[in-house]
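Chemist: okay, sequence plus prediction incoming.
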Amino acid sequence: MRLKMLKELFSAGVLSGATVVPNGQDQGSWKLMVHRLNGESVAVTVAAKPEDKIYIRLNAALMDAHRLGFRDVAVRLPDEFEREDSQRIGQIR
């Protein structure tokens, strides 16, 4: 669903939340899912096309959620997520 329409739905009180999820097709990219009060979840789509909007940076997805009006956004981390401070495997340089 387009950002403009989702912003109107947020103003009308129809939306209950937003979640940024990993894009399953491409590691390192994200989708913004918006949740309606009736339990339905829809992805944000590209303005001129019916395809899901793919975000390269997590921050870009969060900014779109902010533009819609959300102040709390859930982020689902990818299954293969590694912490930056985790122990490294392999040879030390």
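Modeler: On my side now, so go ahead. Residues are numbered from 1 along each chain as shown.
Chemist: what helices or strands is the longest helix belonging to the chain leaning on?
Modeler: Assignment by DSSP state H gives helix 58-68 as the longest helix of the chain. Using 3 or more CB pairs under 8 Å, 6 or more residues apart in numbering; DSSP states H and E as the contact test, the elements touching helix 58-68 are helix 3-11, strand 15-22, strand 30-36. Heads up, the C-betas are built off the backbone N, CA and C, glycines and all.
Chemist: in that helix, which residues are buried?
Modeler: Applying a neighbour-count criterion of 16 or more other CB atoms under 10 Å, the buried positions in helix 58-68 are 61-62, 64-65, 68.
Chemist: follow-up on the earlier one: the helices and strands packed on helix 58-68: which one's closest to residue 46?
Modeler: Proximity of the helices and strands packed on helix 58-68 to residue 46 was assessed by CB to CB; the nearest stretch is helix 3-11, lying at 9.6 Å.
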